[in-house]
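>>> Return a 3D structure for these sequence lines:
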Amino acid sequence: MPTAAAAGGSAKERRLLGEDQLFLLLSILIGVFAGLAVVCFRMAIDAARWILFGSGLMPPRGRVVLVPGAVGLLVAFLVVRFFPRVRGSGVNQTKSALYIYDGYIPGSTIIGKFITSALAIGSGQSLGPEDPSLQIGAGLASLVGRRLKLSRHNLRLIAPVGAAAGLAAAFNTPIAAVLFVIEEVIGRWSAGVLGAVVLAAVSSVVVERWFLGAEPLFRAPGYRLESPGELAAYAILGVVAGLASTVFVKSIQLLRPWLKALPRWTQYLLPALAGVLIGLIGRQYPQVMGAGYEYIDQALHDQYTWEVLGILAGLKILATVLSFSSGTPGGLFAPTLFIGAMVGGAVGGVERLLYPHFTGPLGAYALVGMGALFAGILRAPMTSVFLVLEISGNYAIILPVIISNALAYLISRSLQPTPIFDLLSRQDGIDLPSLEQDRERAVLRVEDAMHAPTPQMALRLDDLPPPEGVESLPGEFFLVQDRSGYWGGMSKARLLELASDRASGARPQELPHLHPDHSLDVAMRRMGEWPLLPVVHRADGNKLVGVVSLADILETYRNRGPALDELAEPAE
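I've put the predicted structure just below:
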């Protein structure tokens, strides 16, 4: 008859299993809600742009300056007085919900982010809708999870699930959205989390395509690698992209804290001032205002000279730094892609001018540049590769993308050690985990802590010394190999009993086994109450290659752990 404790445990397991299944179903529902919200968000941005600037292709020059400034005042008033949590892009806010607030994102944040970001982007601030869409999706997921009273564990994970749904609908790229959330928000892979994130992303994209059509965000040009020498040209693009990424991030690093240190009343004016300055730029170069999707598409189809592309890249960096540093709500994804397209097209134009035998289309350089700037600024290397592949739908561009993205990422990491999202969180006084540092941190392994087995520590059952020999052995616990070759453990008292009467059929206690490549985290979990564990060869489980103890593990962490942390920590 089962005990009450056993019955209670099984009931708890059934309840957890039921909640895990509910979590997957909720992921689909959250994807639908997030997709609908993003559709409404994009329509709100278009409506704001139409109301503020009219339906003409060229709005009056005075309105181009006045509208961003006036709307900037309104946005600042809403942010300071009613929605203080909506500043910034939304990525760090979602990470904060996961790591600090147990998945809690207030409902007011969803409303505030929707309204203020739509007004800011629609009025011409140089920001994008993808990051706000990510936060809106995360907020909706958090709201649903709280209403259904999910467990603390699932409530913490449901916000990133909504974030993936929001980003997937905004970009119309479900794979890139899944990778970004895993790579930069959650930071770990597991079957349950991955399944929920994928379901949410796919369902949100289905909803988005139902209302807005299945056309990709950009019409990517065709591409075919004509000569291996062209890869050198894309390598140069990666270097330029890495330098441009560094300029962008360091500009925010310098300007944003300086503006935050100004008196509080200036927060009402900074978005308006940024809007006026961007409007002045927009009188001559309207392409830098707003998200700029249509101009990215034009760059992909070779509709600008390389000189104009270079100017637009520089002005977009300036405009985005002004908008973002002023505290205006909005995202960095779209400006990053815009800068990347312009930098890529400009580099391609110069290289074609100098080396006419490079026959690749300039649009391909613009497309690769988008991924390279994404890797350099946002520091999500895997996402940047798959983003370009999803946008282009052409696997032939994979080699240029990998080369450029890798170089841009490495140069950006070398010149700007702190990733932009880590930088922003530290400027805000929040210590969020750095997922890039976690990726770069070396792992201490069992082979770093183990030592060679000595004859006094590792014994064979058939070769036990006499009782007086056992009595003289140092220690109270030993590794013992039985007649079948299995390595287990025995206490000194048990060894004395065996040595005295030579009991037949005796077997050592079963021990968890380790391999040299196991991490010390695995060793700690397996150690339990055992004073020693055997380290055996992967190809031969009876071959003892080392012995490790809890003291060995702690000593290794003490001596080598801080040095590895210093290597992973960015220089400030």
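>>> in the stretch 251-400 of the chain, what spans have low per-residue confidence?
In the predicted model, the stretch 251-400 of the chain carries pLDDT under 70 at residues 358-359.
>>> in it, which spans are helices?
Secondary structure of the stretch 251-400 of the chain by DSSP state H, counting those that start in this stretch: the helices cover 270-284, 293-300, 306-325, 333-354, 362-373, 381-392, 398-415.
>>> and those, which is most packed in?
Of all the helices of the stretch 251-400 of the chain, helix 362-373 carries the top mean neighbour count, a mean of 31, counting by mean count of other C-beta atoms under 10 Å. All C-beta atoms are positioned from the backbone trio N, CA, C, and that covers glycine.
>>> list the helices and strands it packs on?
Counting contacts by 3 or more C-beta pairs under 8 Å, 6 or more residues apart in numbering; DSSP states H and E, helix 362-373 packs against helix 230-260, helix 293-300, helix 333-354, helix 381-392, helix 398-415.
>>> Low-confidence ranges, the chain, go.
Of all residues in the chain, those with pLDDT under 70 make up the ranges 1-20, 56-57, 189-192, 358-359, 501-506, 561-572.
>>> Excluding sequence neighbours, find me the nearest residue to the one residue sitting closest to the centre of it.
For the chain, the residue nearest the mean C-alpha position is residue 184 (1.1 Å; C-alpha atoms, centre = their mean). For residue 184, ignoring the flanking residues on the chain, the nearest one in space by C-beta to C-beta, 6 or more residues apart in numbering is residue 380 at 5.3 Å.
>>> Now the one you found, what are its backbone angles?
Main-chain torsions, residue 380, degrees, to the nearest 10: phi -120, psi 80.
>>> Check residue 466 too.
Dihedral pair for residue 466: phi -60, psi 170, per degrees, to the nearest 10.
>>> In contact with it: list those residues for me.
By C-beta atoms under 8 Å, 6 or more residues apart in numbering, residue 466 lies in contact with residue 499.
>>> Now do it against residue 429, distance only.
68 Å (C-beta to C-beta, to the nearest Å).
>>> swap in residue 147?
Per C-beta to C-beta, residue 147 is found 31 Å from residue 429.
>>> again with residue 222
Separation of residue 222 from residue 429 (C-beta to C-beta) stands at 48 Å.
>>> One more: residue 71?
29 Å.
>>> These two: who's more crowded?
Comparing residue 71 with residue 429 by other C-beta atoms under 10 Å, the one with more neighbours is residue 71, at 23 against 6.
>>> which ones are touching that one?
For residue 71, the contact set (C-beta under 8 Å, 6+ apart) comprises 52, 119, 120, 122, 123, 275.
>>> what do you get for residue 349?
By C-beta under 8 Å, 6+ apart, the residues touching residue 349 are 305, 306, 309, 362, 365.
>>> cool, residue 183 as well?
Residues counted as contacts of residue 183 (C-beta under 8 Å, 6+ apart) are 380, 382, 383, 435.
>>> Isn't the last one up against residue 180?
Put plainly, it is residue 435. No - applying C-beta atoms under 8 Å as the test, residue 435 and residue 180 come out as separate, 11.0 Å apart.
>>> Neighbour count: these two, which is higher?
residue 180 (28 against 21).
>>> hmm, back to that, count of neighbours near the residue nearest to residue 184?
Residues contacting residue 380 under the criterion other C-beta under 10 Å number 25.
>>> Any chance of the backbone angles for residue 535?
With angles defined as degrees, to the nearest 10, residue 535 sits at phi -110, psi 120.
>>> Tell me the bridge partners for it.
Per DSSP bridges, the residues bridged to residue 535 are residue 514, residue 546.
>>> how far away is it from residue 454?
In terms of C-beta to C-beta, residue 535 sits 14 Å off from residue 454.
>>> higher neighbour count, these two?
Using other C-beta under 10 Å, the more surrounded residue of residue 535 and residue 454 is residue 535, with 25 against 9.
>>> any idea how far residue 554 is from the more buried one?
17 Å.
>>> do the same with residue 151
Per C-beta to C-beta, residue 151 is found 33 Å from residue 554.
>>> what residues are up against the nearest residue to residue 318 once chain neighbours are set aside?
Once flanking residues are discounted, residue 318 sits nearest to residue 281: 7.3 Å by C-beta to C-beta, 6+ apart. With contact taken as C-beta under 8 Å, 6+ apart, residue 281 is in contact with 288, 289, 315, 318, 319.
>>> Can I take it that residue 480 is in a strand?
Yes - assessed by DSSP: H, G, I helix; E, B strand; the rest coil, residue 480 belongs to a strand.
>>> you'd agree residue 335 is up against residue 126?
Yes - using C-beta under 8 Å, residue 335 is in contact with residue 126, at 5.8 Å.
>>> Quickly list what's touching both of those two.
292, 316, 319, 320.
>>> Including distance to residue 59, could the residues you listed go into JSON lines?
JSON lines is the format used below for the shared contacts of residue 335 and residue 126 (distance: C-beta to C-beta, whole Å):
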{"residue": "292", "distance to residue 59": "16"}
{"residue": "316", "distance to residue 59": "19"}
{"residue": "319", "distance to residue 59": "17"}
{"residue": "320", "distance to residue 59": "21"}
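>>> What strand or helix carries residue 92?
Using DSSP states H and E, residue 92 falls within helix 91-99.
>>> Quick check: next helix or strand after that helix?
Using DSSP H and E, the helix or strand that directly follows helix 91-99 along the chain is helix 107-122.
>>> what does that next one contact?
37, 40-41, 44-49, 51-52, 71-72, 74-75, 78-79, 82-83, 85-86, 90, 93, 127-129, 132, 135-136, 139-140, 143, 271, 290-291, 323, 328-331.
>>> and the angle from that helix to helix 306-325?
150 degrees (axes from the mean of the first three to the mean of the last three C-alpha atoms, to 10 degrees).
>>> Tell me, how many residues neighbour residue 37?
Residue 37: 23 neighbours (other C-beta under 10 Å).
>>> Skip the chain neighbours and tell me the closest residue to it.
Using C-beta to C-beta, 6+ apart, the closest residue to residue 37 is residue 136 (5.3 Å).
>>> residue contacts, the one you found?
Contacts of residue 136 (C-beta under 8 Å, 6+ apart): 34, 37, 38, 41, 90, 110, 113, 114, 166.
>>> quick one: which of these is nearest to residue 202?
Using C-beta to C-beta, residue 34 comes nearest to residue 202 of these, at 11.5 Å.
>>> what's the burial count for that closest one?
Other residues close to residue 34 by other C-beta under 10 Å number 36.
>>> residues in contact with it?
133, 136, 137, 140, 141, 162, 165, 166, 169, 200, 204.
>>> What helix or strand is it located in?
Going by DSSP H and E, residue 34 is part of helix 4-53.
>>> What residues of the helix or strand that that helix is followed by count as buried?
Next in sequence after helix 4-53, counting helices and strands by DSSP H and E, comes helix 61-81. Using 16 or more other C-beta atoms under 10 Å as the burial criterion, the residues of helix 61-81 that qualify are 64-65, 67-72, 74-76, 78-80.
>>> Test my guess that the residue nearest to the centre of the chain contacts residue 434.
No - with contact defined as C-beta under 8 Å, residue 184 does not count as touching residue 434 (10.3 Å).
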